[in-house]
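>>> Here you go, sequence then predicted model.
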Amino acid sequence: MRTIVIEPEYEAWRTAARLLLAQSVKPDEVLWSDDPQEASLFVSGDPAAKQPAAEVIKVPSAFMDMARSAAAHTDSKRWALLYRLLWRLTLGGERHLLSMATDRDVRQMQDWFKAVGRDIHKMHAFVRFRLVGVDADTAREQFVAWFEPDHRIVRLATPFFQKRFAGMDWSILTPYMCAHWDGERLHFTSGVPRSSAPDEDALDDLWRTYYRNIFNPARVKISAMQSEMPKKYWKNLPEAPLIAGLIAESAGRVQGMLETEERPAKPAPNNAYLKSLHEMNQSNPAKSTEESDKS
Amino acid sequence: MDITRKLEILADAAKYDASCASSGAARKDSRGSTGVGSTGGSGICHSYTPDGRCVSLLKVLMTNACLYDCHYCINRRSSNVTRARFTPGEVVKLTLDFYKRNYIEGLFLSSGIIRSADYTMELVIEVARKLREEHHFRGYIHLKTIPEASQALIALAGRYADRISINVELPTQQGLNTLAPEKNLARTEEAMGHIRGKIDERYGEKRKPDAPKPPPFATGQSTQMLVGADVSTDATILGCADKLYTTHRLRRVYYSAFSPIPEPSSILPLKAPPLIREHRLYQADWLLRFYDFKVEEIASASAPNLDLALDPKLSWALRNRETFPVDVNKAPREMLLRIPGLGVRNVERIMSARRYTGLRLADLIRLRLQMKKLLPFIVTADHHPARLGLDSDSLRARFLPPPEQLELNFDAPPEPAANDFLSVRSGEL
Ligand code: SF4
């Protein structure tokens, strides 16, 4: 049995996994840890120490892509499971394994992959940039956002922002890692506390105005909203404080509509376009118009 | 009028358009430019309002003044609603300001019709032109077009927009004559045909290698139909949708339950919105597009309306019990797609896994399938539903919502469960 202590990053796992595979180390002979504190508890077999001339072992790229995402999950069992899958797919001879969504290990990796994907998607959706200034030299606007992801997704999620917001400077701060873009380079620094990010933006009020008015009180569906925008995200969304009030007043607003006196149809105004339209409709009546006359 | 007041009025005026899609655009992004914006991935819902609708685009009207008199619409000329009008510059600034804060991922611009169709289209196009040409905006733009606008203007709208749409509103001319006297189904379809031609021209593969590339054009068109405002049955609505999908290759047909508006018309009394009916129509729509169902199988002349208590696929299965049980280890793809509770993605999973193993119930459980729904309809290596009474009349009863719930909601049909919505969006039925 050997213990492998790695950085909690996909690249670190991949490097270690390749070496283990090259030595045909079976999955149940390895203990994985990404907690440096644990290292002293075990006799660590450093794979780099006795490095053979590693022959190239072919691994399906679909697996590596999926593993890269699954590795961002915070479940401590992920390194062991990914190595077990890697081993089964190669030395274990189960080349078709990824076709088996019914396999326990595959299913677990897919679950992690999905959870990480959802976390990334929610980050793309719920990051809110706040304007903090304008660069004196480049005249580029500078924005800062705060986000609390469930998993270690900052590296996976931020290339999206680089493409979308190339024309402005921005930083996205999270508790474990921050990402920064200055128009040329995307780089990462370590995490910061919530207090490092601004709380508001001058535009938030106008955004809330929009949110309040695009809501239709006649079709309240709270469960549909909450399944897509769970409450845990609300604290960083400027529009969320409106939700309770909008729900509370919706029934009264609908009642008001139902009690409003019905408006009679006004005659058509004197407008050339409207006249031509009415003429067109009359000179070329559709078949169904005749049907409606009969009924 | 200040910008806040205008935004109040012109967002309120736009909320009855259900479309919020921001997916399906050509891939583009802001790298190497001074602007912002990207499109081409799956759409992002940046927020949700308590009506369960996604907020992905800034959805506003240019103006809510309108010459037309569509009786379901708050903006019709007979309504006493306060009128407002944005300048193109105001919409441009709002879009960019909201976009840079990541509140939205694009603009959905529509307008009440003022002066003439062409005049109105020009206003709308000017916003898109400014965004694209002056501000290098690469985000999503959806423009509503008017069937009577000139073809040159529709071509121009398509040049700037990722998506364009014309709402059919109601599936029959008869319905339009009463409720939207200015609108005409034949002209709408004709305009959709032209748009399809433009899309095909740009993205079709048949072009000769040396032929010049046609001008840029939106990648898709969509439309909306109002449900419950007129007497149209689900069969009529789905028939119309099916025709639009096949004839004009629409990306999406949106169904919008007619809901109370603050300015009711004497011609169209207000009703509580049949939200569950709208939901069933979306499910039926998925069956048409992704499950190879025909309209007649879902809503026929003899039973023209969908069963509100059961999803349309389950309902079909119960009417066609002789087709079941289906052996998940042997049945062809098209049969697997007919099994209630089995979505497109899980059909793929089953087909690839069964090449290597005989599927048992435990395997299906690991796929997290809805076993209760599935069991009466399938055969696996270790299961045959004979004992579950596929022939018994009680089968339908097993799937109905619990009776207390029905009593409580006697007037209003039950609100669909949250995962119902998820399933509709992901296409798993
Ligand atoms: S054309 Fe009809 S639906 Fe459109 S804004 Fe005018 S009244 Fe409303």
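Yep, that arrived. Numbering: from 1, shown residues only, chains lettered A, B, ... in the order given.

>>> rest of the way, CA atoms for contacts and neighbours
OK.

>>> surely residue B:396 meets residue B:317?
No - using CA atoms under 8 Å as the test, residue B:396 is too far from residue B:317 to be in contact (10.0 Å).

>>> Which parts of the stretch 151-300 of chain B are helices?
For the stretch 151-300 of chain B, the helices defined by DSSP state H, counting those that start in this stretch cover B:151-160, B:173-179, B:185-203, B:234-248, B:275-290, B:295-298.

>>> Which stretches in chain A count as strands?
Assigned by DSSP state E, the strands in chain A fall at A:2-5, A:30-33, A:130-134, A:141-146, A:169-173, A:177-181, A:186-190.

>>> Output the fifth one as CSV, nothing but the C-alphas.
This file holds the C-alpha atoms of strand A:169-173, laid out as CSV (Å, rounded to 0.1, in the frame of the first residue of the first chain):
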residue,chain,number,x,y,z
ASP,A,169,-11.0,44.5,-16.8
TRP,A,170,-12.5,42.3,-14.2
SER,A,171,-11.8,40.2,-11.2
ILE,A,172,-13.9,37.4,-9.8
LEU,A,173,-13.2,36.8,-6.1
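
>>> That strand and chain B in contact?
No - Strand A:169-173 does not reach chain B (CA under 8 Å from any CA of the partner chain); its nearest approach is 10.0 Å.

>>> What distance do you get for residue B:182 to residue B:102?
For residue B:182, the distance to residue B:102 equals 38 Å [CA to CA, to the nearest Å].

>>> more neighbours, the two?
When neighbours are counted by other CA atoms under 10 Å in any protein chain shown, residue B:182 and residue B:102 differ, and residue B:102 comes out ahead with 23 against 18.

>>> Could you tell me the least trusted of the strands of chain A?
In terms of average pLDDT, strand A:2-5 trails the rest of the strands of chain A, at a mean of 88.

>>> roughly how far is it from the heart of the chain?
The chain centre lies 32 Å from the centre of strand A:2-5; the measure is CA atoms, centre = their mean, to the nearest Å.

>>> That strand pairs with which strands, parallel or anti?
Partners of strand A:2-5 in the sheet, by DSSP bridges, are strand A:30-33 (parallel).

>>> per-residue confidence at residue A:11?
On the pLDDT scale, residue A:11 gets 93.

>>> Tell me which of the helices of the stretch 151-300 of chain B sits nearest to the ligand.
Nearest to the ligand, of all the helices of the stretch 151-300 of chain B, is helix B:173-179, at 9.4 Å by CA to the nearest ligand atom.

>>> Can you pull out the low-pLDDT segments for the chain?
Going with chain A. Residues of chain A that meet the criterion pLDDT under 70 lie in A:37-56, A:284-295.

>>> looking at chain B here, not the other one
Looking at chain B by pLDDT under 70, you get B:205-207, B:386-393, B:402-429.

>>> can we see that at 90?
B:17-26, B:32-34, B:41-42, B:200-216, B:269-275, B:301, B:321-322, B:372, B:383-429 (pLDDT under 90).

>>> closest point of it to the ligand, which residue?
For chain B, CA to the nearest ligand atom, closest residue to the ligand: residue B:76, 3.5 Å.

>>> Is it correct that that residue is in contact with residue B:70?
Yes - contact criterion CA under 8 Å: residue B:76 and residue B:70 qualify, at 5.6 Å.

>>> ok now do residue B:285, which residues does it touch?
residue B:238 (CA atoms under 8 Å, 6 or more residues apart in numbering or on different chains).

>>> Which segments of the chain make up each domain?
You didn't say which chain, so I picked chain A. Domain assignment for chain A by automatic domain parsing gives A:2-120, A:127-196, A:203-259.

>>> um, chain B though
If you go by automatic domain parsing, chain B breaks into B:3-193, B:312-426.

>>> The domains of chain A: which one's closest to residue B:353?
domain A:2-120 (4.7 Å; CA to CA).

>>> Please state the offset of that closest one from the chain centre?
24 Å.

>>> repeat for stretch A:268-275
50 Å.

>>> Name the residues of the stretch 51-200 of chain B found near chain A, please.
B:51-53, B:59, B:67-69, B:77-79, B:97-98, B:100-103, B:115-117, B:172-174, B:177, B:182, B:184, B:186.

>>> can we see that at 7 Å?
By the rule CA under 7 Å from any CA of the partner chain, the part of the stretch 51-200 of chain B lying against chain A is B:51-53, B:78-79, B:101-103, B:115-116, B:173-174, B:182.

>>> now do the stretch 251-400 of chain B
B:259-266, B:270, B:349, B:352-353, B:363, B:366-367.

>>> Which residue does the stretch 51-200 of chain A have closest to the ligand?
For the stretch 51-200 of chain A, CA to the nearest ligand atom, closest residue to the ligand: residue A:125, 29.9 Å.

>>> Touching, that residue and residue B:44? I think so.
Yes - assessed by CA atoms under 7 Å, residue A:125 is found in contact with residue B:44 at 6.0 Å.

>>> The longest strand seen in chain B and chain A, any residue contact?
When chain B is parsed with DSSP E, its longest strand is strand B:220-227. No - Strand B:220-227 stays clear of chain A (CA under 7 Å from any CA), getting no nearer than 13.7 Å.

>>> Tell me which other helices or strands that strand touches.
Here strand B:220-227 touches strand B:163-165, strand B:252-257, going by 3 or more CA pairs under 7 Å, 6 or more residues apart in numbering or on different chains; DSSP states H and E.

>>> Mind listing residues that contact the first one?
For strand B:163-165, contacts defined as CA atoms under 7 Å, 6 or more residues apart in numbering or on different chains pick out B:141, B:142, B:143, B:144, B:145, B:158, B:218, B:219, B:220, B:221, B:222, B:223.

>>> Can you give the distance from it to the centre of its chain?
Distance of strand B:163-165 from its chain centroid, counting by CA atoms, centre = their mean, is 12 Å.

>>> Strand partners (parallel or antiparallel) of it?
strand B:140-144 (parallel), strand B:220-227 (parallel).

>>> Any chance of the ones you listed in a markdown table with mean neighbour count as columns?
Formatted as a markdown table, these follow (neighbours: other CA atoms under 10 Å in any protein chain shown):
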| stretch | mean neighbour count |
| --- | --- |
| strand B:140-144 | 28 |
| strand B:220-227 | 24 |
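
>>> will you turn those strands into a markdown table that also has distance to residue B:345?
A markdown table is the format used below for the strands paired with strand B:163-165 (distance: least, CA to CA, whole Å):
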| stretch | distance to residue B:345 |
| --- | --- |
| strand B:140-144 | 28 |
| strand B:220-227 | 24 |
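
>>> Now tabulate these in CSV and tack on distance to the ligand.
Below are these laid out as CSV (distance: least, CA to the nearest ligand atom, whole Å):
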stretch, distance to the ligand
strand B:140-144, 10
strand B:220-227, 11
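
>>> closest to residue A:267 out of these?
strand B:220-227 (24.4 Å).

>>> Just the CA trace of that closest one, in CSV.
C-alpha atoms of strand B:220-227 as CSV (Å, rounded to 0.1, in the frame of the first residue of the first chain):
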residue,chain,number,x,y,z
GLY,B,220,-33.0,30.8,-36.4
GLN,B,221,-36.6,32.0,-36.1
SER,B,222,-39.3,31.3,-33.5
THR,B,223,-42.9,32.2,-32.7
GLN,B,224,-45.4,32.3,-30.0
MET,B,225,-49.0,31.1,-29.8
LEU,B,226,-51.5,32.2,-27.2
VAL,B,227,-53.4,29.4,-25.4
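
>>> now the angle from that strand to helix B:151-160?
110 degrees (axes from the mean of the first three to the mean of the last three CA atoms, to 10 degrees).

>>> what comes into contact with strand B:220-227?
Contacts of strand B:220-227 (CA under 7 Å, 6+ apart): B:163-170, B:250-258, B:278.

>>> Mind putting the domains of chain A into JSON lines with mean neighbour count and distance to residue B:242?
Output for those, formatted as JSON lines (neighbours: other CA atoms under 10 Å in any protein chain shown; distance: least, CA to CA, whole Å):
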{"stretch": "domain A:2-120", "mean neighbour count": "17", "distance to residue B:242": "32"}
{"stretch": "domain A:127-196", "mean neighbour count": "18", "distance to residue B:242": "36"}
{"stretch": "domain A:203-259", "mean neighbour count": "17", "distance to residue B:242": "26"}
